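**Student:** Provide a 3D model corresponding to the input given below.
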Amino acid sequence: MLTALVPTSLLGGLVFLVAFLYASVGFGGGSGYLAVLSLYDIPAEITASTALSLNVVVAGVALINFSRLGHLEPRLLWPFVVTSIPFAFLGGLIPLRQDTYRVLLNVVLSVVALRLLFSRSNEAAGHLTRFPSWPLALFTGALLGLLSGMLGVGGGIFLSPVILLSGWGTPQKAAASSAGFILLNSISGLLGRAASGTLQFGQYGGLLLFLGILGGLAGSFVGARYFSGAVIRRLLGMLLLVAVARSLLAWLG
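**Tutor:** As a prediction, this is how the structure comes out:
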């Protein structure tokens, strides 16, 4: 039986909302689901498995919707993935003190969020889609993978802002790349849980996955078709600031 800070009847609605918002910018919403599920008395293994599974299905449907409209650019995905995966493993081997971890994570996310919210976009001037060279993309993927592994967060939360702030692609292309990046890494994590026997779902697992798919479909459809580049940049910046605020509250609490 679930006990919670908010009524159990709101659980599905909150998951749908998180999926909608995150999918609109190409994210899976893993941190958002963890925040929602943490309000309920759910075992840690079920919480982690549910959040990771939601990440897979939401990022997957986001990738499909953005790709169908021609926003997926392979040159903004595969070079980063090739080096990010092994370097994320290496990053996971680097021990960080709890205080160091929180400071590093919040500083990085805050700087990126503020740049997205207040820097001018080059989109109108036609300076986007100057793709990075392969060496630069491979190096960037390795750096993002190492940082993601050290901090234990999805690489898409870094990849999308890097693409935007570097002028390598439009917000829609960045969202598509982020969705693909998150999908591949989340599948890897899900397989690892299955192999270790820690993949578990509670009584609401199937329903939450269904609502996550609906939210992901709706959010990515709206983001890919109707959100302007400026809207996606600002929404992405606000979501990053929410992640920072949530981390600080947990730290102070």
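
**Student:** what stretches of the protein score poorly on pLDDT?
**Tutor:** By pLDDT under 70, the weakly predicted segments of the chain are 1-9, 98, 101, 119-129, 152-154, 247, 250-251, 253.

**Student:** can you give me the strands for it?
**Tutor:** Per DSSP state E, the chain carries no strands over any range.

**Student:** Next, count neighbours for Leu209.
**Tutor:** Applying other Cβ atoms under 10 Å, we find 18 residues neighbouring Leu209. For the C-beta atoms, the positions are set from N, CA and C on the backbone; glycine is no exception.

**Student:** just Val82 next, same as before
**Tutor:** Neighbours around Val82, by other Cβ under 10 Å: 16.

**Student:** That one touches Thr140, doesn't it?
**Tutor:** No. Between Val82 and Thr140 there is no contact under Cβ atoms under 8 Å: 11.1 Å.

**Student:** got the contact list for Ile85?
**Tutor:** Contact analysis of Ile85 by Cβ atoms under 8 Å, 6 or more residues apart in numbering lists Gly145, Leu184, Asn185, Ser188.

**Student:** In a markdown table, list the residues you listed along with neighbour count and distance to Phe16.
**Tutor:** Below are the contacts of Ile85 laid out as a markdown table (neighbours: other Cβ atoms under 10 Å; distance: Cβ to Cβ, whole Å):
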| residue | neighbour count | distance to Phe16 |
| --- | --- | --- |
| Gly145 | 28 | 31 |
| Leu184 | 19 | 24 |
| Asn185 | 24 | 23 |
| Ser188 | 12 | 26 |
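
**Student:** Out of these, which sit inside helices?
**Tutor:** Among the contacts of Ile85, the ones falling in helices (DSSP state H) are Gly145, Leu184, Asn185, Ser188.

**Student:** any idea how far Gly60 is from the first one?
**Tutor:** So that's Gly145. As judged by Cβ to Cβ, to the nearest Å, Gly145 and Gly60 stand 21 Å apart.

**Student:** re earlier: of the ones in helices among the contacts of Ile85, closest to Ala88?
**Tutor:** Gly145 (4.0 Å; Cβ to Cβ).

**Student:** residue contacts, the closest one?
**Tutor:** Counting by Cβ under 8 Å, 6+ apart, Gly145 has contacts Thr83, Ser84, Ile85, Pro86, Phe87, Ala88, Leu90, Gly91, Gly155.

**Student:** where does the residue nearest to the second one when sequence neighbours are not counted sit relative to Pro79, distance-wise?
**Tutor:** If I follow you right, that is Ser84. Leaving aside its sequence neighbours, Ser84 sits nearest to Gly145 (Cβ to Cβ, 6 or more residues apart in numbering; 3.2 Å). To Pro79, Gly145 is 12 Å away according to Cβ to Cβ.

**Student:** Let me have the contacts of Ile85 in TSV, extended by distance to Ser133.
**Tutor:** Converted to TSV, these look like this (distance: Cβ to Cβ, whole Å):
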residue	distance to Ser133
Gly145	18
Leu184	22
Asn185	23
Ser188	27
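
**Student:** tally of neighbours for Leu143?
**Tutor:** 17.

**Student:** Just give the closest residue to it, not the sequence neighbours.
**Tutor:** Nearest residue to Leu143, sequence neighbours excluded (Cβ to Cβ, 6+ apart): Phe87, at 7.6 Å.

**Student:** Please verify my assumption that the one you found contacts Gly141.
**Tutor:** Yes. The criterion here is Cβ under 8 Å, and Phe87 meets it with Gly141 at 7.5 Å.

**Student:** The two - which one has more neighbours?
**Tutor:** Taking neighbours as other Cβ under 10 Å, Phe87 and Gly141 compare with Gly141 leading, 27 against 21.

**Student:** so what's that one up against?
**Tutor:** Counting by Cβ under 8 Å, 6+ apart, Gly141 has contacts Pro79, Phe80, Val81, Val82, Thr83, Ser84, Phe87.

**Student:** and which of the residues you listed is nearest to Ser24?
**Tutor:** Distances from Ser24 to those, taken by Cβ to Cβ, are shortest for Phe80, at 21.4 Å.
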